[in-house]
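> Sequence below, structure please.
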Amino acid sequence: MTDVLRSSVLGLAAMTLALGLSACGGDGGGGGIDKAALVAKIKASDPDLKDVPEKTLACLADAVIKYGDQGSVQGYLDGSVASVDDIKGLGTENKEAEAAGAKCVE
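Numbering: from 1, shown residues only. Purely as a prediction, here's the structure:
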């Protein structure tokens, strides 16, 4: 595996783990979250994700919108929440949500 591919896979794996998605604190509504903006922000947050298919990133964004705390997701988009890891309601505690993130990278 090349270094670039390895970095991309590791970056995607890290993103998937970050999106392990605990429903705690998430309202699951999606509200006014701009999915395209979220995909762009996720992609821009890690250069190793630049080669990840848009479909995969869109799937991960759907999971963030569904399981993440909407105010926190909006804060991530606005810059007041530093990273996906800091979005309330995302973690590994919720197995259903974790499975949703894992399906994105299958």
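> and stretch 73-92, average pLDDT?
Average pLDDT, stretch 73-92: 88.
> Restrict it to CA atoms and write it as PDB.
Extracted as PDB, the C-alpha positions of stretch 73-92 are listed here (Å, rounded to 0.1, in the frame of the first residue of the first chain):
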ATOM      1  CA  VAL A  73     -22.700  20.500  14.500                       C
ATOM      2  CA  GLN A  74     -23.600  24.100  13.500                       C
ATOM      3  CA  GLY A  75     -20.800  25.300  15.800                       C
ATOM      4  CA  TYR A  76     -18.400  23.100  13.900                       C
ATOM      5  CA  LEU A  77     -19.500  24.700  10.700                       C
ATOM      6  CA  ASP A  78     -19.200  28.200  12.200                       C
ATOM      7  CA  GLY A  79     -15.800  27.500  13.700                       C
ATOM      8  CA  SER A  80     -16.800  27.600  17.400                       C
ATOM      9  CA  VAL A  81     -16.400  23.900  17.700                       C
ATOM     10  CA  ALA A  82     -12.800  22.900  16.700                       C
ATOM     11  CA  SER A  83     -13.200  19.500  15.200                       C
ATOM     12  CA  VAL A  84     -15.600  16.600  14.500                       C
ATOM     13  CA  ASP A  85     -14.200  15.000  17.600                       C
ATOM     14  CA  ASP A  86     -15.600  17.900  19.700                       C
ATOM     15  CA  ILE A  87     -19.200  17.700  18.400                       C
ATOM     16  CA  LYS A  88     -21.500  16.700  21.200                       C
ATOM     17  CA  GLY A  89     -23.300  13.400  20.700                       C
ATOM     18  CA  LEU A  90     -20.600  11.700  18.700                       C
ATOM     19  CA  GLY A  91     -18.600   8.900  20.200                       C
ATOM     20  CA  THR A  92     -18.400   5.100  20.400                       C
END
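> Could I get the buried residue list for that stretch?
Residues 73-76, 81, 84, 87-91 are the ones in stretch 73-92 that count as buried (16 or more other CB atoms under 10 Å). (Glycine included, C-beta is placed from N, CA and C.)
> Repeat that for stretch 45-64.
Under 16+ other CB under 10 Å, the buried positions of stretch 45-64 are 45-46, 48-49, 52, 56-64.
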